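1. Pasting the sequence and the predicted coordinates here, then a few questions.
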Amino acid sequence: MKNIIILFLALLTQHLMGQPIGPEVKWVVNLHNTYSAKFTSDDKYIVANDGGMLMVIDAESGSILRQRNLTETIYAIDLMDNDSIIVCAGSRNIVKFLNFYTLDTVKMIRNYEVSIGSINHFDITNDNKIIALNCSQRKVVIYDLENNKVIKEFTSNNPDYFKIKYCDNDNKLAIALSESVLILDTKTYSLVKDIGGGSRTTPVLDFDISSDETKLITCADDGKIMIWDLISGDKIDEYDIDIGIDLRAVKYLLDNQKIIYSGGGSIRTTVIDITNKKRLYRNEQLQSRGFEISHDNKYILLVEGGSYVLLDVDKILSVPGYDNPVDSIIYPNPGENIITIEIQISKPVQIEYSIYNETGINVKKGIKGITDTGISSLQFDISSLSDGIYFIELRYDNSIKRYKFIKGS
């Protein structure tokens, strides 16, 4: 009953604050901060932390089943030994550590103090013997968990955050270093492939590998998402999401034919079908610096500021798209050079607008001021756009309206 009340209050708070409550949002858990989270392999539970508290959440209801307040700060977590052990990386004052807790009781059973800087991200081999660590001193450290010792260290030119992921049955290790993703042989830690070197000028902040391990997808702070052939290292496709945005996270979804991305700035949580390059979903209220996808691909857990938000993938894909509001008129549609949108305004406003193509790429944006109340006509020059389907979003007076139009005769 206590957890139900907590969940109800969290949802009520989200509603009052104007934060995400919609058909695709299964639940919201409000915390002081949110750092990282992992689904168990059966997707029944989510292990999460708010920096100073470790918790086990019921994935179905969002109820916090078990929790432990900690005296240290946790930055990254993962699971091992068939999900029975929670691995936490963090710090207490100047001491950096790896702590191990049981899933069923959240009781600490092992502790390693490590002198390698703060650990921001890590990945563990399938046999739970080796852990690869990304450290704040711009180092990658390969650590032997059985013997509690460092096996290998090498330096990165990246800022403190970068991604690490084992692949090819742990025979290879993918590391986002500077503008590239390096693929290393885990026996010798020699370089197998440098993917993306010279293709961009900003560091890769996140990447994901397709389930069949044939493709690699990357995102960076330059607003570009790139898809690579993991075997040859050749670039397959590129999405220029926006200019000057804070693109932070990207993952494959479902059958590797869809991707989800999110970040800061003007970007929001968005799902794209990469087979036909169409945007399937975008939530203007959801701005996330990271997310986790359940193993069955049914749910997406967003790490959003001080909240964990669970999205239902089936409902995401069935959310109505850009149906033009009934209280507005857009014409001509199709249009060639100028389209007009008539809207009802109750007070003078500044209207921000963005035009997107079918893939979700922002092709035009700006601001229009309206000083008169009543019905106002907004005109948009679309003469420079190629023929096709577009979406326009108007943001004003704490509201968002979306329209679909066709450029062409």
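-> Yep, it's here.
2. State the helix or strand in which Ile316 lies.
-> Using DSSP states H and E, Ile316 sits in helix 313-318.
3. helices or strands next to that helix in the packing?
-> strand 278-283, strand 299-304 (3 or more Cβ pairs under 8 Å, 6 or more residues apart in numbering; DSSP states H and E). C-betas here are computed from N, CA, C, even on glycine.
4. Pick the most buried one from those strands.
-> strand 299-304 (a mean of 24; mean count of other Cβ atoms under 10 Å).
5. Let me see the contact set for Leu378.
-> By Cβ atoms under 8 Å, 6 or more residues apart in numbering, the contact set of Leu378 is 340-343, 351, 353, 368, 370, 394.
6. For the host helix or strand of it, give the mean pLDDT please.
-> Per DSSP H and E: Leu378 is located in strand 374-381. Average pLDDT, strand 374-381: 86.
7. Could you look up the next helix or strand downstream of that strand?
-> Strand 374-381 is succeeded, C-terminally, by strand 388-396 (DSSP H and E).
8. and the next element down the chain from that next one?
-> Following strand 388-396 toward the C-terminus (DSSP H and E): strand 399-407.
9. Among the contacts of Leu378, which one has the most neighbours?
-> Ile341 (24 neighbours; other Cβ atoms under 10 Å).
10. Which strand residues bridge it?
-> Beta bridges link Ile341 to Ile330, Leu378, judged by DSSP bridges.
11. now swap in Leu98 and tell me
-> Per DSSP bridges, the residues bridged to Leu98 are Ala89, Tyr112.
12. In terms of pLDDT, where does Gln257 sit?
-> Looking at Gln257, the pLDDT reads 86.
13. Surely it is in contact with Asn276?
-> No - in this structure, Gln257 is not within contact of Asn276 by Cβ atoms under 8 Å, at 9.1 Å.
14. neighbour count winner among the two?
-> Between Gln257 and Asn276, Gln257 has the larger neighbour count (other Cβ under 10 Å), namely 13 against 10.
15. and the more buried one, what is it in contact with?
-> Residues in contact with Gln257 (Cβ under 8 Å, 6+ apart) are 273-275.
16. I'd like to know how many residues surround the closest residue to Ser210 other than its chain neighbours.
-> Computed as Cβ to Cβ, 6 or more residues apart in numbering, the closest residue to Ser210 that is not its neighbour in sequence is Asn256, at 4.4 Å. As a burial measure, Asn256 scores 17 neighbours (other Cβ under 10 Å).
17. can you pull the contacts of Asn256?
-> So Asn256 contacts 210-212, 215 (Cβ under 8 Å, 6+ apart).
18. Drop anything exposed from those.
-> Lys215 (16 or more other Cβ atoms under 10 Å).
19. Adding pLDDT, write the contacts of Gln257 out as TSV.
-> Listed next are these as TSV, based on pLDDT from 0 to 100:
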residue	pLDDT
Asp273	83
Ile274	82
Thr275	78
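20. between those, which is nearest Asp168?
-> Asp168 has its nearest neighbour among these in Ile274, at 22.8 Å by Cβ to Cβ.
21. in terms of contact, does His295 touch Phe39 like I think?
-> Yes - at 6.2 Å, His295 counts as touching Phe39 under the criterion of Cβ under 8 Å.
22. Of those two, which one has the most company?
-> Phe39 (21 against 12).
23. Bridged to that one, which residues?
-> As for beta bridges, Phe39 partners with Ile46 under DSSP bridges.
24. show me the contacts for it.
-> With Cβ under 8 Å, 6+ apart, Phe39 has these contacts: 45-46, 59, 292-295, 299, 301.
25. go on, Cys88?
-> 49, 54, 74, 76-77, 98-101.
26. Where does the prediction get shaky in the stretch 151-300 of the chain?
-> Counting by pLDDT under 70, the stretch 151-300 of the chain contains low-confidence ranges at 156-162, 197-201, 241-245, 265-266, 284.
27. Now do the strands in it.
-> 164-167, 172-177, 180-185, 191-195, 204-209, 215-220, 224-229, 235-240, 246-253, 258-264, 269-273, 278-283, 290-293, 299-304 (DSSP state E, counting those that start in this stretch).
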